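> turn this into a model:
(one chain, ligands or ions: 1)
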Amino acid sequence: MPDAPGTDTLKSTDALPRVVRACGAYLWDAAGKQYIDGSGGPAVYCLGHAHPEVNRAICDQLEAIAHGYRYNFTTDALEELTAIIRARVGGTLSEMVYVTGGSEAVESCLKIALQYQTAIGQKSRRVFISRERSWHGNTLGALGLSGFAERTAAYEGAFIPSVKIPPANAYRPLPGATAETAGAAAAAELEAAILRVGPEKVAAFVFEPVVGAAGGCVPAPPGYAKAVREICTRHGVLVIADEVMCGAGRCGTWRALEHDGVEPDIMAVAKGLAGGYQPLGAAICTTAVWEAIRAADGAFGTGHTFTGHTAACAAGVAVQRIVEREGLVDRVAANGPRLMGWLAEALAGVEAIGDIRGRGHFIALELVADRATKAPFDRDRRLFMKIRAQAMANGLICYPVGGNVDGHSGDIVIFAPPYNATDDELAEIVDKGATSVRQVLAAEGLA
Ligand code: PMP
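Numbering: from 1, shown residues only. The predicted model follows:
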């Protein structure tokens with residue numbers, strides 16, 4: 001990556017274009033080439049780029065004070081954002097710890113879970129259960145829970161204790177299960193794991209309600225989240241929902257798990273909270289979890305220098321006000337089926353399309369070598385990276401997911417447009433996405 005020496009964490013040999021300007025759903029590089037943002041970067045830019053109202057709010061905050069440190073001050077932005085999140089998450093989710101991104105949010109959820117179990121006299125509960133094909137972050141705690149061998153292998157042996165169970169995926173049900181029974185079969189794996197470890201040792205179960213970067217917009221099969229909730233409650237295990245990628249409205253409900261009628265004990269939110277205008281995330285817990293912690297310790301035992309960073313909270317307030325005022329979560333919900341329909345139409349007759357799935361503005365294509373067996377393409381083909389490169393050449397940003405992750409998925413392309421993308425912009429994303437897929441398959445002799 002000659003344009004960015006010393007920054008290569010992508011194993012990419014391509015020189016990346018140098019982005020210099022953006023507006024709404026479009027970005028421009030230094031050569032003047034235009035790109036449409038079909039994935040909001042990594043499902044972050046929920047209002048697109050350079051929204052004047054958000055930029056103004058951040059500038060106003062910077063002119064007043066950039067950061068009121070949490071030991072010394074509270075701020076209007078912090079309190080307003082907290083009130084907004086409380087109203088959006090609903091139920092009894094009421095208390096939060098602000099952080100600067102998704103990994104820190106997940107990390108904070110883990111610490112809140114451990115602090116809670118200690119507070120209620122269950123200090124033996126130190127083990128976490130999480131799932132294969134999940135992405136919980138890159139800090140050691142969150143990475144150790146991630147089910148993604150390529151990313152975790154170098155650090156095995158140094159993670160906090162956790163146990164992995166299989167994911168829940170209606171397109172790829174567990175052996176012996178069907179699309180209809182996929183949820184129940186996967187939930188049974190959770191209960192079996194809790195019993196194997198010993199319920200008195202399990203602190204929490206961590207999962208993505210709609211799997212993002214490690215699986216490609218995989219919604220929980222019907223009944224799965226409810227079953228998980230019931231099993232965890234019965235065994236005194238906390239439910240942690242990692243909504244870093246799928247939450248904050250991305251899937252057509254503000255909380256992704258709202259769709260399943262389930263309330264977690266603790267949840268992580270980040271990307272869409274401040275829409276990429278500032279680094280911001282939060283770990284949110286129920287009043288019951290908070291009350292136990294407060295009674296024992298008086299305060300959360302976790303927080304950072306930039307917890308509740310004022311300019312970041314001001315960005316979050318501005319983004320969330322616009323999302324609410326413009327009814328964008330409902331718009332996203334209505335657009336989900338439309339987007340999937342348009343993609344299916346644009347890719348009609350393409351044999352390699354195994355699955356088109358997702359929810360709201362969080363939709364993925366899964367490409368397979370054989371539709372009947374769902375066998376993935378050879379991972380050395382790196383089809384997903386070729387599609388990404390072709391899309392960039394065509395002026396489209398999409399989000400590729402590693403082909404054949406741990407031998408269990410095909411090559412995946414995620415579309416996560418801004419919530420306020422117009423119908424014309426959505427149509428352009430679908431058109432360029434489908435064209436890029438067709439071009440790569442043709443070039444590879446797979447069409
Ligand atoms: N959890 C999920 C579900 C994610 O998708 C991500 C990022 N892709 C993270 C956590 C980590 O977030 P961050 O990159 O902001 O640390």
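
> with Val99 as the reference, measure out to Ile160.
As judged by C-beta to C-beta, to the nearest Å, Ile160 and Val99 stand 18 Å apart. All C-beta spots, glycine's among them, are computed from the backbone N, C-alpha and C.

> try Ala187
Counting by C-beta to C-beta, the gap from Ala187 to Val99 is 30 Å.

> compare those two (neighbour count), which wins?
Taking neighbours as other C-beta atoms under 10 Å, Ala187 and Val99 compare with Val99 leading, 27 against 23.

> I'd like to know how far whatever residue of the chain ends up closest to the ligand sits from Gly272.
Distance from the ligand to each residue of the chain (C-beta to the nearest ligand atom) is smallest for Gly102, at 2.1 Å. According to C-beta to C-beta, Gly102 and Gly272 sit 11 Å apart.

> more crowded one of the two?
Gly272 (31 against 28).

> and the residue lying closest to the more buried one once chain neighbours are set aside, how far from Leu339?
Nearest non-adjacent residue to Gly272, counting by C-beta to C-beta, 6 or more residues apart in numbering: Ala248, 3.3 Å away. Applying C-beta to C-beta, the value for Ala248 to Leu339 is 18 Å.

> would you map the strands across the stretch 1-150 of the chain?
19-23, 26-29, 34-37, 93-99, 127-131 (DSSP state E, counting those that start in this stretch).

> can you redo those as TSV with distance to Glu80 and mean pLDDT?
As requested, the strands of the stretch 1-150 of the chain are exported to TSV (distance: least, C-beta to C-beta, whole Å; pLDDT from 0 to 100):
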stretch	distance to Glu80	mean pLDDT
strand 19-23	26	97
strand 26-29	30	98
strand 34-37	28	98
strand 93-99	13	97
strand 127-131	33	98
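
> and of those strands, who's closest to Tyr399?
strand 34-37 (10.3 Å; C-beta to C-beta).

> quick one on the thing from earlier: so if I had to pick from Ala248 and Leu339, which one is more boxed in?
Applying other C-beta under 10 Å to Ala248 and Leu339 shows that Ala248 carries more neighbours, namely 32 against 22.

> can you tell me the SS state at that one?
Following DSSP: H, G, I helix; E, B strand; the rest coil, the label given to Ala248 is coil.

> now do the contacts for it.
Contacts were defined as C-beta atoms under 8 Å, 6 or more residues apart in numbering; by that measure Ala248 touches 46, 254, 269-273.

> can you tell me which of these end up in strands?
Mapping the contacts of Ala248 onto strands (DSSP state E) picks out Val269.

> among the contacts of Ala248, which are in reach of the ligand?
When contact is defined as C-beta under 6 Å from any ligand atom, these meet the ligand at Ala270.

> got the phi and psi for Gly215?
With angles defined as degrees, to the nearest 10, Gly215 sits at phi -140, psi -30.

> then Ala389?
The phi/psi pair for Ala389 (degrees, to the nearest 10) is phi -70, psi -40.

> residues from the stretch 201-350 of the chain in reach of the ligand?
208, 212-213, 242, 244-245, 270.

> and these, which of them are buried?
208, 212-213, 242, 244-245, 270 (16 or more other C-beta atoms under 10 Å).

> secondary structure and pLDDT for those residues - can I get that in TSV?
Shown next, in TSV, are those (DSSP: H, G, I helix; E, B strand; the rest coil; pLDDT from 0 to 100):
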residue	secondary structure	pLDDT
Glu208	coil	98
Gly212	coil	95
Ala213	coil	92
Asp242	strand	98
Val244	coil	98
Met245	coil	98
Ala270	coil	98
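
> could I get those as a markdown table with distance to Ala142?
A markdown table is the format used below for those (distance: C-beta to C-beta, whole Å):
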| residue | distance to Ala142 |
| --- | --- |
| Glu208 | 12 |
| Gly212 | 13 |
| Ala213 | 13 |
| Asp242 | 8 |
| Val244 | 9 |
| Met245 | 13 |
| Ala270 | 11 |
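
> nearest to Leu446 among those?
For these, the residue nearest Leu446 by C-beta to C-beta is Ala213; the value is 24.2 Å.

> wait, doesn't the closest one sit right on Pro400?
No: with contact defined as C-beta atoms under 8 Å, Ala213 does not count as touching Pro400 (9.7 Å).

> need the residues touching each of those two.
Going by C-beta under 8 Å, 6+ apart, residues that sit against Ala213 and also against Pro400 are Ile414.

> hmm, Ala182 is touching Ala168, no?
Yes: with contacts counted by C-beta under 8 Å, Ala182 reaches Ala168, the gap being 6.1 Å.

> list residues touching both of these two?
Counting by C-beta under 8 Å, 6+ apart, the contacts common to Ala182 and Ala168 are 221, 224.

> quick one, which of the two is more surrounded?
Shown here are Ala182 and Ala168; by other C-beta under 10 Å, Ala168 has more neighbours (31 against 23).

> tell me where the longest helix sits in the protein.
In the chain, with assignment by DSSP state H, the single longest helix is helix 423-443.

> buried sites along that one?
Across helix 423-443, burial judged by 16+ other C-beta under 10 Å covers 425-426, 428-430, 432-441.

> before we move on, what about stretch 37-48?
Residues of stretch 37-48 classed as buried: 37-40, 42-48 (neighbour count, 16+ other C-beta under 10 Å).

> so which of those residues belong to helices?
Taking DSSP H, the ones among the buried residues of stretch 37-48 that sit in helices are 40, 42-43.

> which stretches in this structure count as helices?
So, for the chain - with DSSP H - the helices run 40-43, 52-64, 76-89, 102-119, 140-145, 149-152, 182-197, 224-234, 287-297, 310-325, 328-346, 383-393, 423-443.

> wait, which of those helices is closest to Gly303?
Ranking the helices of the chain by distance to Gly303, with C-beta to C-beta as the measure, places helix 102-119 first at 8.3 Å.

> for the closest one, which helices and strands make contact with it?
Contact partners of helix 102-119 among helices and strands, from 3 or more C-beta pairs under 8 Å, 6 or more residues apart in numbering; DSSP states H and E: strand 93-99, helix 140-145, strand 202-207, strand 238-242, strand 266-269, strand 281-286, helix 287-297.
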